[in-house]
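Engineer: Below are the sequence and a predicted model for it; my questions follow.
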Amino acid sequence: MPLSHDALSLGMNVQVQQASASAGLLGDTPARDYVQKLQLFNSFAAPELRAAIERLDLEAGMRVVDAGCGTGEALPWLLQAVEPGGLVVGFDLAAAHTRAAHACSVARTAVLQADLMKPPLARASFDLIWSVNTINHLRDPSQGIHTLATLLRPGGRIALGQSSLVPDMYFAWDARLERLTNEAVRQYYRERYALDERALADIRSLVGLLRRAQLRHVSVHTCMIERVSPLARADEAYILEAMIRGTWGERLRPYLGGADFAELGRLCDPRHAQFALRRLDFHFLQSFTLAVAEVP
């Protein structure tokens, strides 16, 4: 997809490239489409994501890459942090995601469809790489970090964000069912993508990944995305559509006992009196971790 005139006018050495067709660790390909889930998450977590960007203390005129930009909601947030005179480039593997991201792009932002392992951008041209919930999709996250680091100028930083390094809490009143549901989800993904537990757990080592890439000044900060009933519309939409309907549901039946699956179904059914999201004791917690490091 073409760059904006603003990006071209800054003389960036951009080479348009066909995105790789090889599938990622979790099945990602250029044809993969989870636009709705990404948009729901970005709307839900917007306060925490924007706060994380503010903590980076970006300066006017900086150049930023959003690697794995998804549907692009972070592009204007990042641009706001580097105005005036800054530039933001987002790229994503999936064609559907980049189409959606174009709707979020404004002047001095650009959106590309590209493979993170082969970014079509000039080396040593940027001040910050921002990448959220992306590294965990790579078959070789260490190589991915090394590749992204080559885009940074000396002293540039890479900021890796990851949600749910700590297990989410959604059934505060029933830790047993919550634990069984989490285990069922992990088992489903292991079987769907022929993975072992180690492959799904590697991303917990953000700090180790950055240090093994020989980056310096590694720091990490974790905040809790916390919501209680009554939920705002964006919060209920994300939990209901992305988690309850998009992650749980019928796919978990083989991994839960009959009574547990039935109980989960009642808690996830908006028509049921015990629908979890409308209980007075509903209390949701999800962690968001941002690990930051600097290239020498």
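Structural biologist: Alright, I've got the coordinates.

Engineer: residues touching the spatially closest residue to residue 94 that is not a sequence neighbour, list them.
Structural biologist: Leaving aside its chain neighbours, residue 94 sits nearest to residue 32 (4.9 Å; criterion: CB to CB, 6 or more residues apart in numbering). Every residue, glycine included, has its C-beta placed from N, CA and C. Residue 32 makes contact with 93-94, 96, according to CB atoms under 8 Å, 6 or more residues apart in numbering.

Engineer: can you give me the strands in the chain?
Structural biologist: Assigned by DSSP state E, the strands in the chain fall at 63-67, 87-92, 109-113, 126-132, 152-163, 216-228, 283-294.

Engineer: Select, out of the ones you listed, the one closest to residue 178.
Structural biologist: Closest to residue 178 of the strands of the chain, according to CB to CB: strand 283-294, at 10.8 Å.

Engineer: on contacts alone, who are the packing partners of the closest one?
Structural biologist: helix 46-55, strand 152-163, helix 206-212, strand 216-228 (3 or more CB pairs under 8 Å, 6 or more residues apart in numbering; DSSP states H and E).

Engineer: For residue 156, see how far away residue 106 is.
Structural biologist: 23 Å (CB to CB, to the nearest Å).

Engineer: The two - which one has more neighbours?
Structural biologist: residue 156 (20 against 12; other CB atoms under 10 Å).

Engineer: Could you list the low-confidence segments of this protein?
Structural biologist: Flagging of the chain using pLDDT under 70 yields the residue ranges 1-22.

Engineer: Could you rerun that using 90?
Structural biologist: For the chain, applying pLDDT under 90 flags the ranges 1-28, 104-107, 139, 193, 195-204.

Engineer: circling back: mean neighbour count, the strands of the chain: which tops it?
Structural biologist: strand 87-92 (a mean of 28; mean count of other CB atoms under 10 Å).

Engineer: Using PDB, write out every CA atom in that one.
Structural biologist: C-alpha atoms of strand 87-92 as PDB (Å, rounded to 0.1, in the frame of the first residue of the first chain):
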ATOM      1  CA  LEU A  87       6.400  10.800  11.900                       C
ATOM      2  CA  VAL A  88       4.700   7.500  12.600                       C
ATOM      3  CA  VAL A  89       4.800   4.400  10.400                       C
ATOM      4  CA  GLY A  90       2.600   1.400  11.100                       C
ATOM      5  CA  PHE A  91       2.900  -2.000   9.400                       C
ATOM      6  CA  ASP A  92       1.000  -5.300   9.800                       C
END
